[in-house]
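[1] Provide a 3D model corresponding to the input given below.
(one chain, ligands or ions: 2)
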Amino acid sequence: MLMTVEEAQQRILSDLPPVMPKERVPLLQALGRVLAEDIISDEDIPGFTNSSMDGYAIIAQDVQNANANHPIALTVKGTIAAGHPSHQPVHHGEAYKIMTGAPLPPGADAVIQVEWTKKLSDNQVLALAPVRSSQNVRPQGQDIRRGDIVLHAGHPIKPPIVGILATLGIATVSVYQRPKVAIVSTGDELIEPGSPLGPGQIRNSNSYALAAAVLAAGGEPWVLSPAKDTKEAIRAKFLEAATQDIILSSGGVSVGDFDWVKDVLSEEGSLDLWRVNMKPGKPVTFGHLHGHPFFGLPGNPVSALVTFELFVRPVIREMMNVHQWQRTVLSLPLYESFTEIQDRRHYVRSRLVQEGEQVYVWPYSKQDSAVQTSWIGVEALMIVPENSGPYQAGDKLPVMLIPADV
Ligand SMILES: Nc1nc2c(c(=O)[nH]1)N[C@H]1C(S)=C(S)[C@@H](COP(=O)(O)OP(=O)(O)OC[C@H]3O[C@@H](n4cnc5c(N)ncnc54)[C@H](O)[C@@H]3O)O[C@H]1N2
Ligand code: MOO
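    Ligands and ions are numbered 1, 2, ... in the order given. Just a heads-up that it's a prediction; the model follows:
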């Protein structure tokens, strides 16, 4: 019986290297990184009570009976722009013209938006509607209170987080270093992009796809030149790669005459796991090389990326102290029948289709693990249990959502 994906994940994650060391980077360079410190605010945000509308700062009670037929006149005492606080108090019957974001003057408790008023002169305005106390007012500390823990270490830094850090006045931020990931493709047939192909040769695409996947997961790829299919060439490359935090190889993990990866791994480190009940990716290999996690990913391009997604990405995320790396899995109805039956759990490259309120999963027709174009536009991997099916349109299956950048 082959190991399940969950058993393999458990095995791999039970033996994680320590979380990466920290480093301090300028705010914008923190994008895509992971916070290595709790962020505690030493300010209220907003720092002062302010208006959420362009209008007039007033005392709400003054206009409680106002309407279009019975407007109430107020005396305009001045104008308050954002960045220019006024310390003059507002008295009954008075208003200050105020702009969005400008500090509320003392005495005012509401803002009537400009559309609900009629200007009579530079110092007289009519209120055409009532406002409640606090209406159109953003109180000091509404968003964040001084002393709040706003973010915890381990939080991924996406664009809105950059904005929050800037709001808090943080110019440099402590983040975890990116795990360095060595990538070694194996195979006599491999030629680099940019060079012409000879007979029987193909382009080395896995090194590039895996390096891109490492970057998207937050790691730092280091691509070595491919190793030829000899045991000694593979050993030499693996030893060169073993200086990095994680080592990935592609190819040479099946049962072919030139599949040396497992032998070299056993001799130089430990082979902890081989073969998982999944398609694509069955011959995936895991172990340790000089104390670092080693993944022998299958050479088929789709198998390499699916096994990266399920086994390597979680390790990269965990090493940056991110524990929420699981993708969302939904149960969705099939858009069309799916008749392929496999003896392994099948991760099926699929799109999503919306009709009215209902979202359907729509597998691509070509699912061979060498067909790379079925990645184009992929939004999900549909998970079909082994030895199950055929499925009809409308039957529900679990669907793992894949963000567009994967
Ligand atoms: N007798 C059996 N044969 C195979 C089995 C099996 O169980 N019994 N499993 C198949 C499965 S499943 C997979 S997946 C592949 C994986 O094989 P390897 O990891 O040993 O990969 P290779 O044989 O080296 O290559 C497979 C395929 O991928 C192409 N490739 C390899 N490296 C790259 C690269 N860097 N860029 C682009 N393409 C690459 C290679 O040319 C082959 O076509 O084994 C099956 N066989
Ligand atoms: O499991 Mo392999 O990855 O499909 O051809």
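[2] alpha carbons only for contacts and neighbour counts from here, please
    OK.
[3] now the strands for the stretch 151-300 of the chain?
    172-176, 180-185, 190-191, 202-203, 220-223, 246-250, 269-274, 278-279, 285-289, 292-297 (DSSP state E, counting those that start in this stretch).
[4] May I have the residues that are in contact with the nearest residue to residue 116 once chain neighbours are set aside?
    When the adjacent residues along the chain are set aside, residue 116 lies closest to residue 128, with 5.3 Å between them (C-alpha to C-alpha, 6 or more residues apart in numbering). With contact set as C-alpha atoms under 8 Å, 6 or more residues apart in numbering, residue 128 has these partners: 66-72, 116-118.
[5] mind running it again at 10 Å?
    The contact partners of residue 128, taken as C-alpha atoms under 10 Å, 6 or more residues apart in numbering, are 63, 65-73, 112, 114-118.
[6] Which of the residues you listed fall in helices?
    Helix and strand membership here follows DSSP state H; of those, not one is in helices.
[7] which of the residues you listed tops the neighbour count?
    If you count neighbours using other C-alpha atoms under 10 Å, the busiest of the contacts of residue 128 is residue 112, which has 29 neighbours.
[8] residue contacts, that one?
    With C-alpha under 10 Å, 6+ apart, residue 112 has these contacts: 51, 53-60, 63, 95, 97-98, 127-132, 135-137.
[9] same question, residue 255
    Going by C-alpha under 10 Å, 6+ apart, residue 255 touches 262, 283.
[10] What distance do you get for it to residue 247?
    For residue 255, the distance to residue 247 (C-alpha to C-alpha, to the nearest Å) stands at 21 Å.
[11] and the chain, which residues reach ligand 1?
    Proximity of the chain to ligand 1 is confined to 185-187, 203-207, 250-255, 259, 281-283, 298-301, 303 under the rule C-alpha under 6 Å from any ligand atom.
[12] any idea how far the residue nearest to residue 116 is from ligand 1?
    Counting by C-alpha to the nearest ligand atom, to the nearest Å, the separation of residue 128 from ligand 1 is 71 Å.
[13] again with residue 353
    Taking C-alpha to the nearest ligand atom as the criterion, residue 353 is separated from ligand 1 by 29 Å.
[14] On the three-state scheme, that residue is what?
    The three-state label given to residue 353 by DSSP: H, G, I helix; E, B strand; the rest coil is strand.
[15] quick one: the helices in the stretch 101-250 of the chain?
    Secondary structure of the stretch 101-250 of the chain, counting by DSSP state H, counting those that start in this stretch: helices at 159-167, 206-217, 231-241.
[16] could those helices go into TSV alongside mean neighbour count and mean pLDDT?
    Rendered in TSV, the data for these read as follows (neighbours: other C-alpha atoms under 10 Å; pLDDT from 0 to 100):
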stretch	mean neighbour count	mean pLDDT
helix 159-167	15	98
helix 206-217	21	97
helix 231-241	18	98
